[in-house]
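Trainee: Sequence plus predicted model, see below.
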Amino acid sequence: SPALRERVLASISQTPAASPAPKAAVIPFISPTWIGWAAAACLAMGVGFLAQMYLGTRGELLRAREAEALARIEAQSTLQLLEAERLFSQGQLSELRSARDQVAVLEQQADLAQLKISSLASLLGDSPEARAIAVWNPVSQEGVLTVSSLPALADNQDYQLWVIDPQYPIPVDGGVFTVDPGTGEARYQFTPNLPVAEATVFAISLERKGGVPVAEGPMVLISP
C-alpha cells in the first residue's frame, strides 16, 4: 500500500552509509643488493675500528716493554758499578790485611822499625790492577811476598822474585812462585840465595819453569 511503501523508504533513508574499506599500507621495496653493500660497509668500519684499537694497544705495550727493558739495564748497570766498588774496596782491605799479617809474622823476629815494606806496581799493560807487597826482615834475612791479580801462568813458566842490593852487580835471586789460576793471588815466603845488606828494590819477572840465575823474561811488577 502507499503507506507501507513510505515507511519502507523512510527506514532505508535513515540507514547509515557503509564506510569505505581502508587502503592497504604500501611497503617500500628494498633491494637485497643494497642490504648486502650496507652490511659489508658496516663490517669494514667495525674491522677498521678494531684494527686501530689493536695497533694502539700494541704500540703502548711495546713502549711499556722498552721502558721496562731500559729500567732493567739501568738497574743492572748500577748493581755492576756497586759490585765493582765493593770488590775494589775488598781488594784494598785484603791488601792491607795481607800487609798486616806479614808484619805480624815478621815482627816476632825483629824490631818493627827494622822491617822494610815495599809496594810493587804493575808493569803489565793488560793487567794494570796487578799488585804486590813485600815485607823484608834484614835481621833474619827472610821476607814475605803477597801478590794479587797476576795473570795465570803457562805450564812451562814461573814468576821469579828479585832483590836489588847495590853491593851486587845483578839482582839477587829470591826464588820462584806460582799464583792461583782463578784469582792470580799468591803468598810466598822467601829467602834470597845471597846475603842482602840493603834491599833497595823488589821486582818480579816472568821466567821459564824453575827460574833462572839471571833475569831473562819481562818484568811484571817492581817497587819504587
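Mentor: Cool, got the structure.
Trainee: Quick one: end-to-end length of stretch 199-217, please.
Mentor: This stretch, stretch 199-217, spans 21 Å end to end (C-alpha to C-alpha, to the nearest Å).
Trainee: what pLDDT, on average, does it get?
Mentor: Stretch 199-217 carries an average pLDDT of 96.
Trainee: cool, stretch 7-26 as well?
Mentor: On average, stretch 7-26 scores 58.
Trainee: what stretches of the chain score poorly on pLDDT?
Mentor: Within the chain, the stretches with pLDDT under 70 are 1, 8-9, 11-44, 46-59, 61-62, 66-113.
Trainee: residue ranges for the helices of it, please.
Mentor: Assigned by DSSP state H, the chain shows helices spanning 2-13, 32-106.
Trainee: isn't residue 121 right up against residue 222?
Mentor: Yes: with contact defined as C-beta atoms under 8 Å, residue 121 counts as touching residue 222 (6.7 Å). All C-beta spots, glycine's among them, are computed from the backbone N, C-alpha and C.
Trainee: Tell me which of the two has more neighbours.
Mentor: Applying other C-beta atoms under 10 Å to residue 121 and residue 222 shows that residue 222 carries more neighbours, namely 18 against 12.
Trainee: For the more buried one, list the residues it contacts.
Mentor: 120, 121, 123, 201, 202, 203, 204 (C-beta atoms under 8 Å, 6 or more residues apart in numbering).
Trainee: And for residue 123?
Mentor: So residue 123 contacts 218, 219, 220, 221, 222 (C-beta under 8 Å, 6+ apart).
Trainee: Out of those, who's the most crowded?
Mentor: Most crowded among the contacts of residue 123, counting by other C-beta under 10 Å, is residue 221 at 25 neighbours.
Trainee: I'd like the contacts of residue 123 laid out as TSV, including distance to residue 155.
Mentor: Listed next are those as TSV, based on distance: C-beta to C-beta, whole Å:
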residue	distance to residue 155
218	18
219	22
220	18
221	21
222	25
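Trainee: Return the subset of the residues you listed lying in strands.
Mentor: Per DSSP state E, strands hold the following members of the contacts of residue 123: 219, 220, 221, 222.
Trainee: Residues in a beta bridge with the last one, which ones?
Mentor: Spelled out, that is residue 222. Residues in a beta bridge with residue 222, per DSSP bridges, are residue 121, residue 203.
Trainee: going forward can the numbers begin at 270, since that is how I track them
Mentor: Yes, from this point I'll number from 270; that puts the last item at residue 491.
Trainee: Check the gap between it and residue 452 for me.
Mentor: Remark: distance between residue 491 and residue 452 (C-beta to C-beta, to the nearest Å) = 21 Å.
Trainee: Kindly report the same for residue 418.
Mentor: 8 Å.
Trainee: same check, this time on residue 435
Mentor: Taking C-beta to C-beta as the measure, residue 435 falls 35 Å from residue 452.
Trainee: quick revisit: mind giving me the ChimeraX command for buried ones among the contacts of residue 491?
Mentor: The buried residues among the contacts of residue 491 can be selected in ChimeraX (16 or more other C-beta atoms under 10 Å) with this line:
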select :389,392,470,471,472,473
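Trainee: if we take the contacts of residue 491, which one ends up nearest to residue 332?
Mentor: Within those, the smallest distance to residue 332 is 50.4 Å, found for residue 390 (C-beta to C-beta).
Trainee: Tell me who's in contact with that closest one.
Mentor: 400, 490, 491, 492, 493.
Trainee: ditto for residue 483
Mentor: Applying C-beta under 8 Å, 6+ apart, we find residue 483 in contact with residue 439.
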